[in-house]
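Here is a sequence together with a model predicted from it:
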Amino acid sequence: MKTLEGIKAELGVSSLNMNTVVTETGEKTSWLKDWDNNNRVAVLMHMDTYQAIIKDPTLSCLGIHEQEKTGAQGAYVAKTIVIYKPAEFVL
C-alpha cells in the first residue's frame with residue numbers, strides 16, 4: 001500500500017491531471033480520469049477516493065487496480081487508484 005506520492009512514482013508521473021468523466025450523453029459521473037493518449041493509459045479515481053486524499057494527503061492505504069479494456073479507439077489500460085481497507089483478520 002502506498003501514499004499518493006508512491007502511486008505517482010509507480011505510474012512514472014509527477015502529477016495527475018484529473019478531469020470528471022462524462023458519459024456519451026454528456027452527464028457528469030462521480031469518476032475522475034487522467035488520460036495519456038500516447039501510451040493509451042487511463043488513470044481513474046472515484047470522487048470519494050479523491051476527497052479522502054484531499055482530506056489526508058499522507059493516506060497510505062492506496063493501491064492500483066489494473067485492467068485491459070477496449071474503447072472506441074482501440075485497446076487501452078485502465079489503472080484505478082483505490083483505497084484498501086485494513087484486513088479484519090490476518091492469518
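Great, that's in hand. Numbers count the residues shown, from 1 in each chain.

going forward, measure contacts and count neighbours with C-alpha atoms only.
Fine.

where along this structure do the strands fall?
19-22, 28-36, 41-46, 62-71, 74-83 (DSSP state E).

how many other residues sit next to residue 64?
As a burial measure, residue 64 scores 20 neighbours (other CA atoms under 10 Å).

Excluding sequence neighbours, find me the nearest residue to it.
In space, residue 64 comes closest to residue 81 once its chain neighbours are excluded; the distance is 4.7 Å by CA to CA, 6 or more residues apart in numbering.

Okay, and the beta partners of that neighbour?
For residue 81, the beta-bridge partners are residue 45, residue 64 (DSSP bridges).

quick one, what contacts it?
Neighbour list for residue 81: 7, 43, 44, 45, 46, 49, 62, 63, 64, 65 [criterion: CA atoms under 8 Å, 6 or more residues apart in numbering].

That one and residue 59, how far apart?
As judged by CA to CA, to the nearest Å, residue 81 and residue 59 stand 12 Å apart.
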